[in-house]
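Chemist: Fold the stuff below for me.
(3 chains, ligands or ions: 4)
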Amino acid sequence: MAELSVLGKRLPKVNSWAHLTGSAKYADDLFLPRMLYGRLLRSTQAHARITKLDVSRALAHPGVVAIVTGPDMPETIGIMPSVQDETALAIDRVRYVGEPVAAIAAIDEDTAFEAMSLIDVEYDPLPPILTIEDALREDLPKIHEKSRRANIFKEVHLSFGDLDAGFASADHMRDDWFFFEGNTHAPIESHSAVASFEGDGKLTIWTCTQVPHYLHRELEKALGLPRAKIRVVATPSGGGFGGKSDPFAHEFAACLLSMRTKRPVKITLDREEVFYAHRGRHPVKMRIKTGVKQDGEITAVHFQSWLDGGAYSSYGIATTYYTGALMTVTYRIPAYKFDGVRVYTNKPPCGPKRGHGTTQPRYALECQLDKIAVDLGFDALEYRKRILQPANSRTVNELRITSMGLGQCLDELGAKTKYSERHGQLPRGKGVGIAGSAYISGAGLPIYWNEMPHSGATVKLDRGGGVTVYCGTAEIGQGSDNMLASVAAECLGVRPEDVHVVSGDTSLAPVDLGSYSSRVTFMAGNAVKDAAWKLREWLLDAASERLAIPRECLVPADRRITDLRDPEQFVTFDDAVVLAEAKHGTLSAAGSYRPPQGIGGGYKGAGVGPSPAYSFQASVAEVSVDLETGVVTVDRITTAHDCGRALSPANVEGQIEGSAYMGYGEIMGEEQVFRGGLHKKPSLLDYKIPTSLDTPELEAIIVETIDKEGPFGAKEAGEGPLNSVIPAIANAVYDAIGVRFDETPITADKVLAALGKRDNRGMPKDRIGPEGMGDGQEAANAALRRLSFTTEAREKKKANA
Amino acid sequence: MLRLPAFTMERPGTYAEAATLLRAHGAARGDLTRGTPSLPVMLVAGGTDLFPNMKRRQFTPRVLISLGGVADATGIARDKSGLRIQAGTTLTTVASDAQVRERYTALAEAAVLVSTPQLRNMGTIGGNICLDTRCNWYDQSAFWRGAEGFCMKTHPEVVCRVAPSSPRCLAVASADTVPALLALGASVAIQSADGTRTVALADLHQEDGIAHTKIARDEIVVSVTLPDATGWRSTYLKQRDRGSFDFPIVGLAVAVKRDGARVTDARVALTAVASRPQLVADAAKALIGGSLDEAAIAAAADAVHKAARPMDNTSGTISQRKRTARVFAERALRALAA
Amino acid sequence: MTKQLLTLNVNGESRTVAAEPHHTLLEVLREELQLTGTKHGCELGECGACTVLVDGVAVLSCLTLPMQVGDAIVTTVEGLADAGAGAPGREARKLHPLQTAFAEEGAAQCGYCTPGMLMSAKALLDGNPSPTRDDMAQAISGNLCRCTGYTAIYEAIDSAARMARGG
Ligand SMILES: Cc1cc2nc3c(=O)[nH]c(=O)nc-3n(C[C@H](O)[C@H](O)[C@H](O)COP(=O)(O)OP(=O)(O)OC[C@H]3O[C@@H](n4cnc5c(N)ncnc54)[C@H](O)[C@@H]3O)c2cc1C
Ligand code: SF4
Ligand code: FES
Ligand code: FES
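Modeler: Ligands and ions are numbered 1, 2, ... in the order given. The predicted model follows:
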């Protein structure tokens, strides 16, 4: 391929100007004529029956225009069609504090707020289930009647290769328990939606969703309005990170209130409500048993995870599988068994957060590898390099690996950070740690079964030289609009700023499944390339004809189509467009992308994990521990990331840095924790997202492997780089003070406890983390025994069959 | 959007006018009530403590009297009794004032560690002295507190959530400048419709999360005065979770006056580990007359450790905060000894 | 509650609006003056997204009442570019060096913290044309950004400072 003229260059994002002048219109920035303001009344109970819900006093309040409640939208909804267990607003039963119960539309927000206290709700409380252990007990009430046993939402068991033989051939075994605390996305923009039902019977909703297409489907279901009458417009999001990828109560409520009142309705959540809407990182308890040979070669891995899912399913099926699926893609594992259980508890539902389901097990695996390296006396960086899963291979769970740059990442990191020279050599209280990880470039399957493209795009050229890209992607700050413009510009030989982008609009643009699972660059990038390439051919034909120069000698770049051999011979882009339109008629082309078949296995549960390509990354963290106060400071995080090709290097670096930042926050103090069902810290003061003064020095190293199927060789950059940061920090803390943090977050108090310096004394420990499942709770242990029993029984049956 | 409850606002031009307005709008003479959300009238200076509290419906006064328009409400001036800081002076101004930085270092250090640059540009030292006490169960929205069932600080008939058997509210003194001012020996001028009184800052706060100061509802803090600092050195250390935004979970200020190597006077003040900011007399005693050697430092640190009685109602843990108080005492004293 | 007339001096324009006395500067800017460039993430002083300048000083509009502002000059992100734009003989609206630098360095990802961040950065540069990395970290320590990890923001402020110094 000729040299690229746009991709790989450091150019400002095409949508920067709107952000920087204040003209970008986020959902809450929309004010429509006659608009009403809505608010949600939320449950004060963690688990209860609604015995009375009377809105008459509120409805009579001056300024209140309409109120809707659960029974107004009786259909079950939810992001995964197979396990829908929510209604838009609670019906009869509430399952967490903060669950939406009713929605009010009033002439202004003050009035809506006041009127909330006039809704009469009475509850009959049920015992709340708040821990994984309790959720496994059969003697407690069920949160969802559908659960077949205890409060288990989903149980999965997968086994690959000969596990027993693997363990039998091991020279050394490790069996470790871990706990990863739940945390949340906390985008700076809270959720907001404006709905407008017009006289023609059509409904438009502007909302900061990451998944306009999936929301479109759910709105149809809940509102009973044909999808053809609904238009979803994804407004630019002020941060998503997975937190805006479910359909939410306020979206349904705004729509229904607008349909009832025939006026536009806006509902913007306040910060506390965002903590209740949640869908963030699951708390996960994990056990990982690994066998290795004397030389470190892994012989078998048995991984178990227990996910605390909160009150509803959200993406829970995918999350559960993801805790097991990607364990195999980084290092050679010949035999692998995975058991995962996700339970319901009476807390806000958990869902996908950056690194969806893979972050917690990756932390466990990489911490354990660090222990194995210590056990066997290996350098942890060199050790990882020795056991890498090769490029162009299949993993034991049948995932297809194409480009694989983890080795290069480790090399670059080693050179940059001098990890191997410094590890184990720093004074007490200072440490360096390393970890690797991986992530998907888009899920191989959509969340509802269909054979259509995952991403579609159309590109239109107009006689004035204008280029417009239409694509259903949602711009959430990751730079997808810029990616679309840049890929189209590269194909057509114009500048990104010449391109108009129409994205996130279900009426104007072809479907893209949404901004989740790091799929947009890979899939929408390929779709827009597909479309633009068709137009490029027409333009080249036209130019070739005009210049009487063979097509092969022409290149489009910098708004011209030029003869490679003689730069004086060219047609301008605008002229080429006119020539092509005269020849072909209106210039518009559609493109689409669907992941190839056969990139995963055929077994039940094989749907989660396959991806057209995986990103790889590794991080080195450097920490200082105050041995007197227990305060841990992370001084620097360096991450090398294999993104295939950096279409926009500045953007890729931004994603690497932002991921490092977010990972740092997760392990150093962010916690979504509860007391008696009530969120302990539902504010940006108490939920500790790092400030500029906390954030370590962040360094990003781009590694390119030019993936053969990625658009111009690109893979993902938005999520993977978070995964390696967390275990790297835990491993660095071990290097600094000799204490293993097998549980997150790492707090000053826990460090003091480990150092034997808690105020009430106590003995020093070499490890902070769970001892097992249930922390000694007999009931939970019994549940576990039963679980593993049923697993084994089922597998025996399978084997016999 | 979280919004303020409705109120009307008065903007007097003088403290005398403000004092009259307070009474006129229903602030009773000598009334020490703090907790109740239904105070008829309240003062607002920077609003950085009061407005968040009002948005959470911890207070819903019908009338606010803004001190922003009061003449001479701001400024730092030296007079014969020392350095006088007008109550309306912003924390940014306090932190960057050359005299404060040089002679009253602990105050400058404390002021710059408050919250964030924007909040320091708005928040005043008077407001910091009057800062409401804080608690995990209290600094929550009306919805949250309703779900929990409220607590004693706003609802006298309900128990304290932190310690249900406690007869009083255990909310935490959380102002950063107060321990610094205490260590520096500050006094406060307070004005009401009846006139002006001056009190030692050490006598202003009390061990009660509700009635945490002895400033009555009809009174206004007009200035704080620091005595001459010749021979004194001081410093402030703060523990919090993040490098900005966060309130202290331990705050410790130390001031020592030395004649050669000998400590002739000392004050050690502690905050965020009880309902009131306190001078730790035993710590001072351990230092006075000695030479800031390790033995004296250890004795003072012991006294600080003993005085720190945190409850489980802020971020961090009790044992971590107690231990940090001791470590801070050692560190602060070693720094001053150097 | 009855509305009161108030006159605000915003971005070089004197604007009279009727607003209820308990509505914050943030609410009045966004809802009465359509200046939606100023964002909000908490309305409690805990994020910095609503930062504006009042007489050049960075303050939180979510905790400021318009009445307290009086006739001081309010600057929002919409007023950051050259305020004299559009006058005869003047070239088109010129971006502030911070805006150019933020675009070039990729300092705005989702862009939501950006208006507040720009205001804090402007207050910094106005008082300190050559800030160190530490000065910058302090100056933006009241503005949470969830996307960037702040690194690109430092680079942008540094680059804007150099641009402004003519370097
Ligand atoms: C996110 C956030 C973080 C914060 N972090 C910190 C921190 O780390 N450390 C810290 O110390 N503070 C912190 N604060 C609190 C606050 O910003 C400061 O304490 C500030 O100094 C309060 O001053 P103000 O002028 O804004 O007070 P206001 O809010 O105006 O008033 C506070 C109280 O004092 C009363 N009052 C004010 N002035 C007078 C007066 N002259 N006479 C009598 N009564 C008066 C008011 O009626 C009110 O009850 C934080 C606030 C927020 C929102
Ligand atoms: S200490 Fe007790 S009474 Fe006081 S605010 Fe906290 S919970 Fe309420
Ligand atoms: S909205 Fe003002 S600080 Fe968050
Ligand atoms: S750019 Fe998204 S919050 Fe800062």
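
Chemist: count of residues packed around the residue nearest to A:His423 when sequence neighbours are not counted?
Modeler: Among residues not flanking A:His423 along the chain, A:Val432 sits closest, at 5.2 Å (C-beta to C-beta, 6 or more residues apart in numbering or on different chains). For every residue, glycine as well, the C-beta is placed using N, CA and C. The local packing of A:Val432 (other C-beta atoms under 10 Å in any protein chain shown) involves 27 other residues.

Chemist: Over to A:Val432. Which of the three states is it?
Modeler: Three-state assignment for A:Val432 (DSSP: H, G, I helix; E, B strand; the rest coil): strand.

Chemist: Name whatever forms a beta bridge with A:Ile104.
Modeler: Beta bridges link A:Ile104 to A:Arg39, A:Ile67, judged by DSSP bridges.

Chemist: Not counting sequence-adjacent ones, nearest residue to B:Asp282?
Modeler: Take B:Asp282 and drop its neighbours on the chain: the residue closest to it by C-beta to C-beta, 6+ apart is B:Ala303, 3.7 Å away.

Chemist: Tell me which other helices or strands the helix or strand harbouring the one you found touches.
Modeler: In the assignment (DSSP states H and E), B:Ala303 maps to helix B:294-307. Packing contacts for helix B:294-307, counted by 3 or more C-beta pairs under 8 Å, 6 or more residues apart in numbering or on different chains; DSSP states H and E, involve strand B:262-271, helix B:281-287, helix B:318-337.

Chemist: Averaged pLDDT, that helix. What do you get?
Modeler: Mean pLDDT, computed over helix B:294-307, is 98.

Chemist: same thing with stretch B:51-59?
Modeler: The pLDDT scores in stretch B:51-59 average 97.

Chemist: Please see if it touches ligand 1.
Modeler: Yes - residues of stretch B:51-59 are located near ligand 1 by C-beta under 6 Å from any ligand atom, namely B:Pro52.

Chemist: For that stretch, measure first residue to last.
Modeler: Stretch B:51-59 has an end-to-end distance of 9 Å (C-alpha to C-alpha, to the nearest Å).

Chemist: and if you look at stretch A:166-181?
Modeler: One end of stretch A:166-181 to the other measures 31 Å (C-alpha to C-alpha).

Chemist: Identify the residue spatially nearest to residue 35, adjacent ones excluded.
Modeler: All of this refers to chain A. A:Pro264 (4.3 Å).

Chemist: Correction: the question concerned chain C.
Modeler: In space, C:Leu35 is closest to C:Leu29, 4.4 Å off (C-beta to C-beta, 6+ apart).

Chemist: The one you found: what's it in contact with?
Modeler: By C-beta atoms under 8 Å, 6 or more residues apart in numbering or on different chains, the residues touching C:Leu29 are C:Val10, C:Leu35, C:Thr38, C:Val52, C:Ser61, C:Val74, C:Thr76.

Chemist: Going through those, which ones are buried?
Modeler: C:Val10, C:Leu35, C:Thr38, C:Val52, C:Ser61, C:Val74, C:Thr76 (16 or more other C-beta atoms under 10 Å in any protein chain shown).

Chemist: would a markdown table of the residues you listed with distance to ligand 2 and pLDDT be doable?
Modeler: Converted to a markdown table, the buried ones among the contacts of C:Leu29 look like this (distance: C-beta to the nearest ligand atom, whole Å; pLDDT from 0 to 100):
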| residue | distance to ligand 2 | pLDDT |
| --- | --- | --- |
| C:Val10 | 39 | 97 |
| C:Leu35 | 38 | 98 |
| C:Thr38 | 33 | 98 |
| C:Val52 | 33 | 98 |
| C:Ser61 | 29 | 98 |
| C:Val74 | 36 | 97 |
| C:Thr76 | 37 | 98 |
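
Chemist: contacting residues for the spatially most central residue of chain C?
Modeler: The residue lying closest to the centre of chain C (C-alpha atoms, centre = their mean) is C:Met119, at 3.2 Å. C:Met119 is in contact with C:Thr51, C:Val52, C:Leu53, C:Ala58, C:Thr75, C:Thr76, C:Val77, C:Leu80, counting by C-beta under 8 Å, 6+ apart.

Chemist: So what's the residue count around A:Ala277?
Modeler: With other C-beta under 10 Å as criterion, A:Ala277 counts 26.

Chemist: Kindly report the same for A:Val101.
Modeler: 23.

Chemist: Point me to the residue of the stretch 101-250 of chain B nearest ligand 3.
Modeler: As assessed by C-beta to the nearest ligand atom, ligand 3 sits closest to B:Gln118 within the stretch 101-250 of chain B, at 7.5 Å.

Chemist: Report the secondary structure state of that residue.
Modeler: At B:Gln118 the chain is in helix, as set by three-state DSSP.

Chemist: wait, doesn't it sit right on C:Ile140?
Modeler: No - using C-beta atoms under 8 Å, B:Gln118 makes no contact with C:Ile140, being 10.3 Å away.

Chemist: Quick check, central residue of chain A?
Modeler: With distances taken as C-alpha atoms, centre = their mean, the residue of chain A nearest its centroid is A:Arg354 (3.4 Å).

Chemist: so what pLDDT did the nearest residue to A:Asp120 once chain neighbours are set aside get?
Modeler: Spatially, and ignoring its direct neighbours in sequence, A:Asp120 is nearest to A:Asp54 (4.3 Å; C-beta to C-beta, 6+ apart). For A:Asp54, the pLDDT comes out at 98.
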